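Visitor: missing the sequence, but the structure's below:
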């Protein structure tokens, strides 16, 4: 949408510059033409600045998307690594992944087609293997490892 606005501004700028050149040829220099020419030049500078900003924003958006994709990949790699280190069974890994996504016992049971008691038992084994006491503790393990802390 912003690019369309910049293009419309460029079209208006070109119109004013052509009009200014035509008036200058027809009438010669004058106070009115100085103001009109100044406005056209200011509009051209604004358009060029706007186009530069649009380009910068598009580049920044691509960089941000790449960073998010890399973060997602890093988290997925970390999850796989920790699950392997903890020697989770396939069922425990599924339950742990749902827990990391914020699902509660009832939601996990429904998603897996299992009884809530089974899910609670699997979560208890996951927490024991991860050396945590709760779902928030499990989440904190991964967040702490991904968040870079720098000394103040």
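Guide: The structure has been received and is ready for your questions. Keep in mind the model is a prediction, meaning the values are calculated, not measured. Numbers count the residues shown, from 1 in each chain.
Visitor: quick one: contacts of stretch 68-85?
Guide: 93, 96, 97, 100, 130, 141, 142, 145, 146 (Cβ atoms under 8 Å, 6 or more residues apart in numbering). (Each C-beta comes from the backbone N, C-alpha and C, glycine too.)
Visitor: and the last one, how close does it get to residue 79?
Guide: In this case it means residue 146. Here the criterion is Cβ to Cβ, to the nearest Å. By it, residue 146 lies 10 Å from residue 79.
Visitor: neighbour count winner among these two?
Guide: Comparing residue 146 with residue 79 by other Cβ atoms under 10 Å, the one with more neighbours is residue 79, at 15 against 11.
Visitor: and the host helix or strand of that one, how far out from the chain middle?
Guide: Taking DSSP states H and E as the definition, residue 79 sits inside helix 31-85. Put simply, helix 31-85 sits 12 Å off its chain's centre (Cα atoms, centre = their mean, to the nearest Å).
Visitor: in the following helix or strand past that helix, what counts as buried?
Guide: Going down the chain from helix 31-85, the next helix or strand is helix 90-100, by DSSP H and E. Using 16 or more other Cβ atoms under 10 Å as the test for burial, helix 90-100 gives 92, 93, 94, 95, 96, 97, 98, 99, 100.
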